[in-house]
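Undergrad: need the 3D shape of this:
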Amino acid sequence: MKSKLEYHFSANADGDESCIEDVDGNKFTPNGSPSHGWTAWTRFFGHQNQPPKYVVKQPRPDKVRSSSDLRDKKLNNEWNRTRYQHELDIWNLVYPDNKAYLFTDNGIRLVLPYLPGKTLFSFTSREEDQLAWCQLNHAVFCEFKRFTELGLKHCDLKYDNFLIERKQDGTFRAYIIDLDSVGKLKPDDQDYDWNIVLASLFDDTGLKSPDVCPPGYVALKSIDVPAENENEARSKLDKIKKELSQKKPTLVRIKNCQQNKLDYYFVYGCLYNGQWGFTKLDEKIISSVNLSNFSGALVDCRAASVIGNHIKLKQGHISYRLDLYINCLNEKIAELTLLKSQNSPKKLYIPF
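TA: Purely as a prediction, here's the structure:
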């Protein structure tokens, strides 16, 4: 029994003798192709007349005139190997239970498990009732939140790069694909393509954009009263740290009393590296929600300086906006599910 998957390179120019052999000795051969990207040539592998089992990616040249142009000598270079190794590492981080493999013996072949479903682009809100569409959106937002909390940023986020599986029970599972353009998320990243894509997707649900803080985010009681001196400010900071140990996402507002203006908004929560800490909120997020009802004001400038310096040492996360969307969808799904159950025909009980 083999210890892992094997890829057998084809001996001819057409590549039709390639095959994948799994640990049990089962062999899978080329069986169709999805649409190709600009930089990769992609094929399905499986058994005839059965759903694909694997997706195999390989580098493609700038121009493809014939099958011989896909021969591997020129394409099997360090730049391509590095690029495909990066995609392999990202895939196995995102989908540890659906591992991918890279083979570079006689070329470059990235073997990915075939994920069930179809692209988000192929779904439209007009074809789904509102409950199903909200459930689909919920799956997308939850998967994207999981993705960002792994510390990853997709640099080519679009509907075609979300794969949606509709399960037999009617629920949905979302996958993020095309991971070759994924990089590390930085705390100061602000120009998110996902803001545009997911906001557009959310609008199709017919729901208003969220304008309140979700349950689970709490205000800090310790900073409601101004601190009069540095000792009191430091005492307040100690109380704040104890409150933060509750491990709940917390909104914090810091004011500078001398200039009488808002200096910072921060959210304390689970960061994308798995630690708990602060991040400064994006200005677009600040303007779209009424945070003042959910956070205290630390108006003493020295206290603001103490906690401000503490905050600056922490890395950030981008889960807050996603929490707003997910909470809004949860409420609507619960409402529509209840309504559906109330409107479903009642079964009559007839005694024997």
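Undergrad: and the spatially closest residue to residue 152 that is not a sequence neighbour, how far from residue 103?
TA: In space, and not counting its chain neighbours, residue 152 is closest to residue 182: 5.3 Å by C-beta to C-beta, 6 or more residues apart in numbering. C-beta: built from backbone N, CA, C; applies to glycine. According to C-beta to C-beta, to the nearest Å, residue 182 stands 21 Å off from residue 103.
Undergrad: these two: which is more packed in?
TA: Comparing residue 182 with residue 103 by other C-beta atoms under 10 Å, the one with more neighbours is residue 182, at 24 against 19.
Undergrad: which residues touch the more buried one?
TA: 87, 90, 152-155 (C-beta atoms under 8 Å, 6 or more residues apart in numbering).
Undergrad: sitting in strands, which of the residues you listed do you find?
TA: 152-154 (DSSP state E).
Undergrad: top of those by number of neighbours, please.
TA: Among the ones in strands among the contacts of residue 182, the one with the most neighbours (other C-beta under 10 Å) is residue 154, at 24 neighbours.
Undergrad: partner residues bridging that residue?
TA: Counting by DSSP bridges, residue 154 forms beta bridges with residue 182.
Undergrad: isn't it right up against residue 177?
TA: No: if you go by C-beta atoms under 8 Å, residue 154 and residue 177 don't touch, sitting 9.7 Å apart.
Undergrad: so what sits against both of those two?
TA: By C-beta under 8 Å, 6+ apart, the residues touching both residue 154 and residue 177 are residue 161.
Undergrad: quick one on the thing from earlier: between the contacts of residue 182, which is nearest residue 167?
TA: residue 154 (23.9 Å; C-beta to C-beta).
Undergrad: need the strands for the stretch 101-250 of the chain, in chain order.
TA: With DSSP state E, counting those that start in this stretch as the criterion, the stretch 101-250 of the chain has strands at 101-103, 109-113, 118-119, 152-154, 162-166, 172-176, 182-184, 218-219, 250-256.
Undergrad: can I get the fifth one in CSV, CA atoms only?
TA: What it means is strand 162-166. The C-alpha trace of strand 162-166 is given here as CSV (Å, rounded to 0.1, in the frame of the first residue of the first chain):
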residue,chain,number,x,y,z
PHE,A,162,-16.3,30.9,-4.4
LEU,A,163,-17.5,27.3,-4.9
ILE,A,164,-20.9,26.5,-3.4
GLU,A,165,-22.0,23.0,-2.4
ARG,A,166,-25.7,22.5,-1.9
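Undergrad: how would you label the closest residue to residue 54 other than its chain neighbours: helix, strand or coil?
TA: Distances taken as C-beta to C-beta, 6+ apart put residue 45 closest to residue 54, at 4.3 Å, once the chain neighbours are dropped. Following DSSP: H, G, I helix; E, B strand; the rest coil, the label given to residue 45 is strand.
Undergrad: for residue 45, give me its contacts.
TA: Contacts of residue 45 by C-beta under 8 Å, 6+ apart are 18-20, 28-31, 52-56, 111.
Undergrad: which among these end up buried?
TA: For those, a burial check counting by 16 or more other C-beta atoms under 10 Å picks out 18, 20, 28-31, 52-56, 111.
Undergrad: tell me where the model's unsure across the stretch 151-300 of the chain.
TA: Scanning the stretch 151-300 of the chain with the threshold set as pLDDT under 70 gives 186-193, 209-219, 221-227, 246-247, 253-267, 269-300.
Undergrad: helices of that one, residue ranges please.
TA: Here the stretch 151-300 of the chain has its helices, by DSSP state H, counting those that start in this stretch, at 193-203, 230-244, 283-288.
Undergrad: Throw those into a markdown table and include mean neighbour count and distance to residue 324, thanks.
TA: Converted to a markdown table, the helices of the stretch 151-300 of the chain look like this (neighbours: other C-beta atoms under 10 Å; distance: least, C-beta to C-beta, whole Å):
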| stretch | mean neighbour count | distance to residue 324 |
| --- | --- | --- |
| helix 193-203 | 16 | 10 |
| helix 230-244 | 15 | 21 |
| helix 283-288 | 13 | 8 |
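Undergrad: would a markdown table of those with distance to residue 96 be doable?
TA: Shown next, in a markdown table, are these (distance: least, C-beta to C-beta, whole Å):
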| stretch | distance to residue 96 |
| --- | --- |
| helix 193-203 | 23 |
| helix 230-244 | 30 |
| helix 283-288 | 31 |
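Undergrad: so which of those helices is nearest residue 335?
TA: Of the helices of the stretch 151-300 of the chain, nearest to residue 335 by C-beta to C-beta is helix 193-203, at 16.2 Å.
Undergrad: which other residues reach that closest one?
TA: By C-beta under 8 Å, 6+ apart, helix 193-203 touches 120, 137, 140-141, 144, 154-155, 157-159, 209, 284, 321-322, 325, 328.
Undergrad: so which of those comes closest to residue 94?
TA: residue 154 (10.2 Å).
Undergrad: contact partners for that closest one?
TA: If you count contacts by C-beta under 8 Å, 6+ apart, then residue 154 has 147, 161, 176, 179, 181-182, 193-194 around it.
Undergrad: one step back: biggest separation within the contacts of residue 182, which pair?
TA: Pairwise distances across these (C-beta to C-beta) peak at 14.5 Å, for the pair 87 and 153.
Undergrad: which one of the ones in strands among the contacts of residue 182 is nearest residue 205?
TA: Checking the ones in strands among the contacts of residue 182 one by one against residue 205 (C-beta to C-beta), the nearest turns out to be residue 154, at 21.6 Å.
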